[in-house]
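Peer 1: Below are the sequence and a predicted model for it; my questions follow.
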Amino acid sequence: MISVKSSTPSVLKTSIIKKVITGLTGLGLFIFIIFHLLGNLLLFNEDPAPYNKYSHTLVSLGWILIALELGLLAFFILHIIYAISIRLSGKKARPVGYYKLKSAGKPGRKTIASTNMLITGVVILVFTVLHLKTFKFGPEYKTVVDGIEMRDLHRLVVEVFQKPGYVIWYVAAMIFLGYHLSFGFWSAFQSLGIHHPRWTPALYTLGYVLAILLAAGYIGIPIWIYFMGGTQ
Amino acid sequence: MQKKMTFNLLVWRQANAESPGKLVPYTAKDISPDMSFLEMLDVVNEDLLKRGEDPIEFDSDCREGICGSCGMVINGIAHGPLRATAACQLHMRHFKDGDTITIEPFRASTFPIIKDLVVNRSALDRIIAAGGYISVNVGGAPDANTILVPKENADRAMDSASCIACGACVAACPNASAALFTAAKITHLALLPQGHPERKRRVIRMVQQMDAEGFGDCSNYAECEAVCPKSISISNIAKMRREYLKAILDLSK
């Protein structure tokens, strides 16, 4: 047969596999973002018990949770490495830019969201690191719910979201997330080779709708707590 | 008498790949609105020749939008502002009298500048040479109906085959990726039974060649489709990715 063997070791570096991995990890992270929001919607409940119980249930998963977290971390790192590599390849492929450059418009998808994926991505990365530091690795308050001692994460969240500076930064970061997802959702499917004349435009619109819903949900939490949480 | 138009051009002049280039202003006078963009440049060049100056070098051949020779970035858009139109089919009536028009070559490290607006697009030929062919036995041509092709496949293959390899996709791509060009060729042959004997190795080799040439990776901006004089869809790029995945998954057995 043909000497394709020589190409197999470098398969992970081909432009196509780079896209496939970026798309797959992106979709994985997207699914996480959906579930993360769904769980945290409990923060709209003024009773801290359900939220603390939810958080305690997750922690009680033990090694399953650790495996999921490690998987999530791997997805996050792969997504970043490959996305940066894709963008750098582009910089290398055009060392001299145009003096005048315009977008040709539709059906092109050169938008604020698509051309700033790296910038919005970096903001999300910085946000995620700080977010983990503030909450996951933040102060461990204790509470007792139904006779079980558990971490009072609710108290920490309410405390943090009383700081206007933090709320503003949080809201801004979530706007960046919304932009990132609005292009990323559709782009992930295209990267995986999924394209259909009828569904693809619908998928593109769905990406925008989901991005707006997710961003709105994540923005709603700190704002709600800032205005309502202090009354408790 | 038809009204003549005047344009202020800013044209990229560069003696060769090594020397630095710059935008040089020219005035295009007495231009008929019915002239093509290239004919307008012809008029400017005649004037330059009369004055003993070096004419502006640009590629052109058929001048009817099917050969893929012409290609330049006009006011920041590859092939100019008109959709699905090669520069040779763009007419001056689409501009306003007195407009300033910036004309630059296709810019990519894979397209070294030969002179002025002429770039070397051999990298695209090398991608074709890596796998953009089919096996054909010598002898008389077989009867047209011995190989049956479903109508929709024939149509889609024709859409992909309409790629004229002008390189505008590379020029417009923020990453200077050749994904649309390569994908159009792969899709065209993958849809037809004649392309099946080499189907797997074709996609692997052409992608490998595309990467080896130093084209950037695709970021799904779809700017390529927007400037393509043949409106080739990025659905071809999705198809190339599927073809590639199928090929490597099957070969690793």
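Peer 2: Everything's here; your move.

Peer 1: Name the residue of the stretch 1-150 of chain B that lies nearest to chain A.
Peer 2: Relative to chain A, the nearest point of the stretch 1-150 of chain B is B:Gly76 (3.5 Å; CB to the nearest CB). Just so you know, the C-beta spots here come from the backbone N, C-alpha and C atoms, and that holds for glycine as well.

Peer 1: right, and that residue touches A:Lys100 too?
Peer 2: Yes. With contact defined as CB atoms under 8 Å, B:Gly76 and A:Lys100 form a contacting pair (4.1 Å).

Peer 1: Give the residues shared as contacts by these two.
Peer 2: B:Thr102 (CB atoms under 8 Å, 6 or more residues apart in numbering or on different chains).

Peer 1: show me the contacts for the closest residue to A:Lys13 other than its chain neighbours.
Peer 2: Leaving aside its chain neighbours, A:Lys13 sits nearest to B:Asp211 (7.8 Å; criterion: CB to CB, 6 or more residues apart in numbering or on different chains). Each residue near B:Asp211 by CB under 8 Å, 6+ apart is listed here: A:13-15.

Peer 1: Then A:Leu132?
Peer 2: For A:Leu132, counting by CB under 8 Å, 6+ apart, there are no contacting residues.

Peer 1: quick one: it from A:Phe76, how far?
Peer 2: 11 Å (CB to CB, to the nearest Å).

Peer 1: going on from the helix or strand that the residue nearest to A:Lys13 is a member of, what's the next piece of helix or strand?
Peer 2: Here B:Asp211, judged by DSSP states H and E, is contained in helix B:199-213. Using DSSP H and E, the next helix or strand after helix B:199-213 towards the C-terminus is helix B:223-227.

Peer 1: list the helices and strands that next one packs on?
Peer 2: helix B:168-172, helix B:179-190 (3 or more CB pairs under 8 Å, 6 or more residues apart in numbering or on different chains; DSSP states H and E).

Peer 1: Would you agree B:Val73 is in contact with A:Tyr99?
Peer 2: No. The pair B:Val73 and A:Tyr99 fails to qualify as a contact (CB under 8 Å) at a distance of 9.2 Å.

Peer 1: Looking at the two now, which is surrounded by more residues?
Peer 2: Taking other CB atoms under 10 Å in any protein chain shown, B:Val73 and A:Tyr99 do not tie; B:Val73 has more neighbours (27 against 14).

Peer 1: quick one, phi/psi of that one?
Peer 2: Taking degrees, to the nearest 10, you get phi -100, psi 110 for the backbone angles of B:Val73.

Peer 1: Check the residue nearest to A:Lys13 and give its pLDDT.
Peer 2: Here the pLDDT value assigned to B:Asp211 is 96.

Peer 1: With A:His180 instead?
Peer 2: At A:His180, pLDDT is 97.

Peer 1: how many neighbours does it have?
Peer 2: The local packing of A:His180 (other CB under 10 Å) involves 25 other residues.

Peer 1: so where does it fall, helix or strand?
Peer 2: Using DSSP H and E, A:His180 falls in helix A:164-191.

Peer 1: likewise A:Leu203?
Peer 2: helix A:199-228.

Peer 1: repeat for B:Glu39
Peer 2: helix B:37-50.

Peer 1: just checking, next helix/strand downstream of that helix?
Peer 2: Next element after helix B:37-50 (DSSP H and E): strand B:73-74.

Peer 1: And the contacts of the helix or strand just after that following strand?
Peer 2: Going down the chain from strand B:73-74, the next helix or strand is strand B:77-78, by DSSP H and E. Residues outside strand B:77-78 that contact it (CB under 8 Å, 6+ apart) are A:102-104, B:71-72, B:106, B:168-169, B:171-172, B:227.

Peer 1: Pull the distance from strand B:77-78 to the chain's centre.
Peer 2: 11 Å (CA atoms, centre = their mean, to the nearest Å).

Peer 1: Okay, now the sheet partners of it, with direction.
Peer 2: strand B:73-74 (antiparallel) (DSSP bridges).

Peer 1: what does the strand it pairs with contact?
Peer 2: Against strand B:73-74 from outside (CB under 8 Å, 6+ apart): A:98, A:100-101, B:37, B:80-81, B:87, B:90, B:101-107, B:171.

Peer 1: Out of these, which sit inside helices?
Peer 2: B:37, B:171 (DSSP state H).

Peer 1: and which of the contacts of strand B:73-74 is nearest A:Leu72?
Peer 2: Using CB to CB, A:Leu101 is the member of the contacts of strand B:73-74 that sits closest to A:Leu72, with 37.5 Å.

Peer 1: What residue, apart from its backbone neighbours, is nearest that closest one spatially?
Peer 2: Using CB to CB, 6+ apart, the nearest residue to A:Leu101 is B:Gly76, at 4.5 Å.

Peer 1: thinking again about what came up before, packing partners for the helix holding B:Glu39?
Peer 2: strand B:22-31.

Peer 1: And the strand it packs on, what's buried?
Peer 2: B:26, B:28, B:31 (16 or more other CB atoms under 10 Å in any protein chain shown).

Peer 1: circling back: which single one of the contacts of strand B:77-78 is nearest to B:Phe215?
Peer 2: Top of the list for closeness to B:Phe215, among those and by CB to CB, is B:Cys169 at 10.0 Å.

Peer 1: okay, now the closest residue to chain A within the stretch 51-200 of chain B: neighbour count?
Peer 2: Per CB to the nearest CB, B:Asn175 is where the stretch 51-200 of chain B lies closest to chain A, at 2.7 Å. By the measure other CB under 10 Å, the count of residues near B:Asn175 is 25.
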